[in-house]
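Undergrad: For reference, the sequence and a predicted model appear below.
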Amino acid sequence: MGDMKFILAISFALFFIGAYGFLTRRNMITMLMAVELMLNAVNINFVVFNKYLYADKMDGLFFTIFIITIAAAEAAVAIAIIINLYRKFKSIDENDIDTLRW
Amino acid sequence: MILDYLSLMRFEVLALGAVILLLLIKVFSEKMNISAILGFVNFSLLVILGASFIGRPHGSMFGGMFLNDGTLMLEKSIITFATLLISLQANNWLKNHSSYLEFYLLLFSVLIGMYFMISSGNFLMFYLGLEMATIPLAALAAFDFNRIRSAEGAGKMILSSAFSSAILLFGLSLLYGTTGSLDFGTVSRNFTSGSLSLLGLSFLLVGFAFKISAVPFHFWTADTYEGSPVAIATFLSVVSKGAAFFIFITILYKVFGAVYEKWIHALTLLSAITMTIGNLFAMRQLNIKRFLAFSSITQAGYILIAVASGTKEGMASIIYFLLIYIFSNVGAFTVVSIICDKTGKDDIDDYKGLYKTNPKLSIAMMIALLSLAGVPPTAGFFGKLFLLTSGASKGLIVLLVIASLNMVISLYYYLKVVKVMFVDKNENPIENISSHISAKIVLIICLIGILSIGFINCIFEYIHALSFGI
């Protein structure tokens, strides 16, 4: 149980570092990387809970595999859109991409 | 045996069949008649819609991961119906588009994702359905290849939806840690109001608030609506939001019904600020698509009143309101799409003097806007009446006062657009547009729906019989 606390502390830290990065960085690739950090924090959570608390079933591990797969699909579509944007704006900085304003 | 399974998964199997057929067409035939393919697609949507009227399957599959019953069938047929309307509305636009086949491949993938999301009985299935409904939708939002804004709106959408999924997943992981399961029933039984599980629940709520674009998680909405093609903006505002609301109430009532006191205040607050901020921003919009985007945010705020009530009447009124909302919003967006297709204009100022040149379109737009504003005798009035009644039955008086004030304010900006069309003078108004036949059909269906649905009693009773409360 002692180990679990440390690992959970790491995953919480990782999640909030990712969230902070997403909200402060303006480069779209970096924002995508920040989201990946958050998803990795989720993965750590699932694996840790599964190993230390519910080792008799594999729910958490399965969920982790699905998250990794879907994160890859999401990154593929996001990068395709970002490349498309770069061709039009010659930049992937959120501050330069500003034809839409509220 | 296999037939039972197929009948239980009829929506998913049929939509998957359509996807496979479209892929085969794409691979094996170089030149196909565009009209034939569009006709085939609309026909298959009609078949899926028709399949919902045969029999009443009830059961679960894959160890409780996939559920189906009368309520879910109703919800799925509502989103299929809305998709059919949008597909007809987009018909003319797609005829001049180079990648119309890919458009439908992605659209059907989104539909399959939504079906699985609505039918899920397990958080894993829910997450898979949710992502399958979001990722292709971001690609669809970037489908106007010539306009820069389309890619920009899509970029904002995919980034914010990835962010919100990550938040939602973090909540799910905490719930898994405290309850030891991902199954809805087991999570509901093992849920204790410890601080870790409540933290998980609040992360889950934030994730959902992104999906239904409630304030303060609404920043992507207006940009994406303005950037994406009109058909996709309609889809986002009607189908996407509807599906998110359906699964939201299912999860809240089924899984977290026992801890109602814990989330009611969060939802009340979310509802109040969503309608107020949505209203205030809608007032100052100059672009008609952004205007409709903020109007749809406001409507989400009204729906949250009934979600917060947690009663059987509440759920019935949400489904009823979303049905009416399909007619009103698709009607308004169809007029926008007809005009945007022909002239490329989408500012509210361009609509000055529209009544002089296009009286029919202006009247259709007026009726749709009045229904959105909730003026009797349009259906929107009855929808909002039921929403507020369900809130009143739980004694959410403060929320109801805020809602009624907001409805008065919203009347101002809906009527402002009507005034622009009917009263304002314009030197060179939009010329007379003869709209395409499929768009005409959509407009007629929407108008009939708006004007008649409020007076047909049995619809609400049917929905009410299928709903459930906490």
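TA: Received the coordinates, thanks. Source: prediction; values computed, not measured.
Undergrad: Only C-alpha atoms from now on, for both contacts and neighbour counts.
TA: OK.
Undergrad: Mind exporting the C-alpha coordinates of stretch B:357-368 to CSV?
TA: In CSV, the C-alpha atoms belonging to stretch B:357-368 read as follows (Å, rounded to 0.1, in the frame of the first residue of the first chain):
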residue,chain,number,x,y,z
THR,B,357,-36.7,38.9,-52.1
ASN,B,358,-37.2,35.5,-50.4
PRO,B,359,-40.5,35.7,-48.5
LYS,B,360,-40.8,31.9,-48.0
LEU,B,361,-37.3,31.5,-46.6
SER,B,362,-37.8,34.4,-44.2
ILE,B,363,-41.1,33.0,-42.9
ALA,B,364,-39.5,29.6,-42.3
MET,B,365,-36.6,31.2,-40.5
MET,B,366,-39.0,33.3,-38.4
ILE,B,367,-41.0,30.3,-37.3
ALA,B,368,-37.8,28.3,-36.5
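Undergrad: Could you pull out the buried residues of it?
TA: B:Asn358, B:Leu361, B:Ser362, B:Ile363, B:Ala364, B:Met365, B:Met366, B:Ile367, B:Ala368 (16 or more other C-alpha atoms under 10 Å in any protein chain shown).
Undergrad: go on, stretch B:434-441?
TA: Residues of stretch B:434-441 classed as buried: B:Ser438, B:Ala439, B:Lys440 (neighbour count, 16+ other C-alpha under 10 Å).
Undergrad: which residues are in contact with the host helix or strand of the last one?
TA: Element membership of B:Lys440, judged by DSSP states H and E, is helix B:437-452. Contacting residues not belonging to helix B:437-452 are listed as B:85, B:88-92, B:324, B:327-328, B:330-331, B:334-335, B:338, B:364, B:367-368, B:371, B:377-380 [C-alpha atoms under 8 Å, 6 or more residues apart in numbering or on different chains].
Undergrad: And for stretch B:339-352?
TA: Residues external to stretch B:339-352 that are found in contact with it (C-alpha under 8 Å, 6+ apart): B:93, B:286-289, B:336, B:417, B:420-426, B:429-430, B:433.
Undergrad: Just the buried residues from those, in ChimeraX please.
TA: Here the buried members of those are turned into a ChimeraX selection, burial being counted by 16+ other C-alpha under 10 Å:
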select /B:93,287,288,289,336,417,420,421,422,426,429,430
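Undergrad: pLDDT below threshold where in the chain?
TA: Just going to use chain A. Counting by pLDDT under 70, the low-confidence segments of chain A come to A:1, A:92, A:94, A:96-102.
Undergrad: wait, I meant chain B there
TA: Those would be B:30, if you go by pLDDT under 70 across chain B.
Undergrad: is the lengthiest helix in chain A anywhere near chain B?
TA: Selection of the longest helix in chain A by residue count, based on DSSP state H, yields helix A:59-89. Yes. Using C-alpha under 8 Å from any C-alpha of the partner chain, a contact is recorded between helix A:59-89 and chain B, made by A:59-60, A:63, A:66, A:70, A:73-74, A:77-78, A:81-82, A:84-85, A:88.
Undergrad: Give me the buried entries from these.
TA: A:Asp59, A:Gly60, A:Phe63, A:Ile70, A:Glu74, A:Val77, A:Ala78, A:Ile81, A:Ile82, A:Asn84, A:Leu85, A:Lys88.
Undergrad: how many other residues sit next to B:Ser228?
TA: Using other C-alpha atoms under 10 Å in any protein chain shown, the number of residues around B:Ser228 comes to 29.
Undergrad: returning to that earlier point: in CSV, list the buried ones among the residues of helix A:59-89 next to chain B along with distance to B:Gly171.
TA: As requested, these are arranged in CSV below (distance: C-alpha to C-alpha, whole Å):
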residue, distance to B:Gly171
A:Asp59, 16
A:Gly60, 13
A:Phe63, 13
A:Ile70, 17
A:Glu74, 19
A:Val77, 24
A:Ala78, 23
A:Ile81, 28
A:Ile82, 28
A:Asn84, 33
A:Leu85, 32
A:Lys88, 37
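Undergrad: which residue of chain A sits farthest from its center?
TA: What lies farthest from the middle of chain A is A:Asp56; by C-alpha atoms, centre = their mean that is 27.9 Å.
Undergrad: what about that one, which SS state?
TA: coil (DSSP: H, G, I helix; E, B strand; the rest coil).
Undergrad: Now do the same contact list for it.
TA: Listed by C-alpha under 8 Å, 6+ apart, A:Asp56 has no contact partners.
Undergrad: For it, grab phi and psi.
TA: The phi/psi pair for A:Asp56 (degrees, to the nearest 10) reads phi -80, psi -20.
Undergrad: So it versus A:Phe49, what's the distance?
TA: Going from A:Asp56 to A:Phe49 by C-alpha to C-alpha, to the nearest Å gives 11 Å.
Undergrad: do the same with B:Phe460
TA: B:Phe460 is 45 Å from A:Phe49, by C-alpha to C-alpha.
Undergrad: who in the stretch 201-350 of chain B is up against chain A?
TA: Residues of the stretch 201-350 of chain B lying near chain A (C-alpha under 8 Å from any C-alpha): B:Ala222, B:Asp223, B:Glu226, B:Gly227.
Undergrad: and with 10 Å instead?
TA: Within the stretch 201-350 of chain B, the residues that sit near chain A (C-alpha under 10 Å from any C-alpha of the partner chain) are B:Phe219, B:Ala222, B:Asp223, B:Thr224, B:Glu226, B:Gly227, B:Phe281, B:Arg284, B:Gln285, B:Leu286, B:Arg290.
Undergrad: and which of those residues is nearest chain A?
TA: Nearest to chain A out of these is B:Asp223 (C-alpha to the nearest C-alpha; 6.0 Å).
Undergrad: That closest one: how many residues sit nearby?
TA: Residues near B:Asp223, counting by other C-alpha under 10 Å: 25.
Undergrad: give the contact list for the residue nearest to it when sequence neighbours are not counted.
TA: What sits nearest to B:Asp223 in space, not counting adjacent residues and going by C-alpha to C-alpha, 6 or more residues apart in numbering or on different chains, is B:Gly153, at 5.4 Å. By C-alpha atoms under 10 Å, 6 or more residues apart in numbering or on different chains, the contact set of B:Gly153 is A:81, A:99-100, B:138, B:141-142, B:220-228.
Undergrad: at 8 Å what do you get?
TA: By C-alpha under 8 Å, 6+ apart, the contact list for B:Gly153 reads B:Ala141, B:Ala142, B:Trp220, B:Asp223, B:Thr224, B:Tyr225, B:Glu226, B:Gly227, B:Ser228.
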